[in-house]
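Colleague: Here is a sequence together with a model predicted from it:
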Amino acid sequence: DDNNCMTIRHNGKNSGLLLQGKLTEMNSMLSRLMYAPPIDKWGVDKVKFSSNNNTDNFSDLGLFDVVIKPQNDVPIIHINGTKEGLDRLPSTWETVTVSAQEDTSTPLPLITLSDRDMKPNQFLNSEGRLNDAEKMLTESMLRLELTFIARHGQIRVDSRNDDIVVEFKDSETHLSGSIEGINRVLSRGISYHGDLNFHGADTIDIQSKNQNAAIDERKSAYNTFSRKMAVNVASVND
């Protein structure tokens with residue numbers, strides 16, 4: 001029945017939506033409307049709406065705010081020369097194999113980090129609408145942690161003149177700071193140093209995360225991203 005139809009059109013400007021139809025059908029449609037925020041943006045968005053009657057000049061205007069809470073996207077580890085999965089499941093990302101020699105420093109492939117939280121123009125006007133936990137989350141998005149764990153050795157990096165923290169503890173090498181600082185350190189080279197007289201198979205676990213990521217309300221399984229390197233250490237004659 002044409003008398004009961006509604007017309008729904010996108011006006012092509014500022015994500016606008018135009019509804020035309022009878023009052024009852026209009027109210028039914030409005031009760032099912034949903035808001036979809038811009039990708040990777042958070043803060044406060046403003047929704048403006050107006051109504052009018054086609055038979056006269058009467059119209060009404062309205063405005064309300066939508067507060068979009070920030071959510072953490074884990075930083076991704078990229079290893080030069082490897083095939084990377086199309087999703088964020090570590091099992092879909094290729095494991096790297098490196099050949100090394102006993103008691104010899106071995107350079108590793110270039111590693112870089114990327115983070116969707118670092119996109120420009122990401123933040124909508126927050127207008128002080130975020131609570132303390134959300135403010136902590138947005139601050140933690142800007143600082144990352146990267147950890148290397150070699151079961152039979154240690155990973156060494158050159159961190160001179162960079163505003164990041166590098167800690168060495170047993171078989172772990174831990175970097176924390178901005179994504180730019182960490183990537184600068186990684187670009188200078190990373191090397192594997194096996195334990196004295198060790199030869200055989202070793203594994204390097206690489207883990208990245210945002211600082212204080214646990215406060216993310218989603219409690220996502222992707223708060224930590226992991227990749228692996230396999231190291232085959234050949235023996236040498238002493």
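Modeller: The structure has been received and is ready for your questions.
Colleague: quick one: pLDDT of residue 130?
Modeller: The confidence metric pLDDT takes the value 57 at residue 130.
Colleague: helices and strands of this structure: which one has the lowest mean pLDDT?
Modeller: Within the chain, judged by mean pLDDT, DSSP states H and E, the helix or strand with the poorest mean is helix 132-141; its value is a mean of 57.
Colleague: Check which element follows that helix along the chain.
Modeller: strand 144-150 (DSSP states H and E).
Colleague: For that following strand, which strands pair with it and how are they oriented?
Modeller: strand 172-177 (antiparallel), strand 200-210 (antiparallel) (DSSP bridges).
Colleague: Quick one: mean pLDDT for the longest one?
Modeller: Pointing back at strand 200-210 there. Mean predicted lDDT for strand 200-210 stands at 92.
Colleague: hmm, who's touching stretch 169-177?
Modeller: Applying Cβ atoms under 8 Å, 6 or more residues apart in numbering, the contact partners of stretch 169-177 are 143-157, 159, 162-168, 182, 185, 211. Every residue, glycine included, has its C-beta placed from N, CA and C.
Colleague: Kindly export it (C-alpha atoms) in PDB.
Modeller: Backbone C-alpha positions of stretch 169-177 (Å, rounded to 0.1, in the frame of the first residue of the first chain) are rendered in PDB as follows:
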ATOM      1  CA  LYS A 169      66.600  -9.000  32.900                       C
ATOM      2  CA  ASP A 170      67.900 -12.500  32.500                       C
ATOM      3  CA  SER A 171      66.600 -13.600  29.100                       C
ATOM      4  CA  GLU A 172      64.200 -10.600  28.700                       C
ATOM      5  CA  THR A 173      64.700  -7.300  26.900                       C
ATOM      6  CA  HIS A 174      62.000  -4.800  27.700                       C
ATOM      7  CA  LEU A 175      61.400  -1.500  25.900                       C
ATOM      8  CA  SER A 176      58.800   1.100  26.800                       C
ATOM      9  CA  GLY A 177      58.000   4.600  25.500                       C
END
